[in-house]
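**Q** take a look and give me a structure for this.
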Amino acid sequence: MKLLLSLALACVWRCAACGAAEDPDHDVPASLRPLALEARQLFEKGEFARAEKAYEKIVAQQPESVWALSNLAVVRFRLGKVTAAEKTIREALRLAPEDKYCHRTLAIILHAQGREAEAAKHFEKAGERSLPGDDSEPPVLLIPLAGL
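**A** Here you go, the predicted model:
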């Protein structure tokens, strides 16, 4: 059974329905919010390397920010740093084991590596269904940066 990823890849947003707080940067202190906004804007412009550096600065100052870690994982995945992305999202999951956004992100990263059985488990934890689907094209992580 293949995983149907088209919708999950195209429009995953961090939201209350996905298990995150209404305030997307709830674990980022006010002093870091300008940097968080900058990181998001860099991502939206496709400047992933610069966005990665901005998120790394946030994580260095706020290492338990699930919000920053999950966004850093997405940026790293978009840069092709799959191993680093997986390690980063697993750290976010260590801090927030029930976070559906993090489980979904990990599932996509695992699916991209061909680790279907493990990906399916995380899709289920994210509340997604595993369905037969056409995976003729490799998945592309199009997750917009969480929040802000």
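**Q** in stretch 30-46, what counts as buried?
**A** Across stretch 30-46, burial judged by 16 or more other C-beta atoms under 10 Å covers 32, 35, 36, 38, 39, 40, 42, 43. Every residue, glycine included, has its C-beta placed from N, CA and C.
**Q** and those, which of them are in helices?
**A** Residues of the buried residues of stretch 30-46 located in helices (DSSP state H): 35, 36, 38, 39, 40, 42, 43.
**Q** surely the third one meets residue 53?
**A** No. In this structure residue 38 lies outside contact range of residue 53 using C-beta atoms under 8 Å: 10.1 Å.
**Q** could the ones in helices among the buried residues of stretch 30-46 go into CSV alongside distance to residue 121?
**A** Conversion of those to CSV gives the following (distance: C-beta to C-beta, whole Å):
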residue, distance to residue 121
35, 34
36, 30
38, 35
39, 30
40, 30
42, 32
43, 28
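**Q** could you identify the most distant pair in these?
**A** 35 and 43 (12.8 Å; C-beta to C-beta).
**Q** helices and strands of this protein: which one bottoms out on pLDDT?
**A** Least confident helix or strand, the chain: helix 6-10 with a mean of 36, by mean pLDDT, DSSP states H and E.
**Q** could you list the low-pLDDT ranges of the protein?
**A** 1-26, 129-148 (pLDDT under 70).
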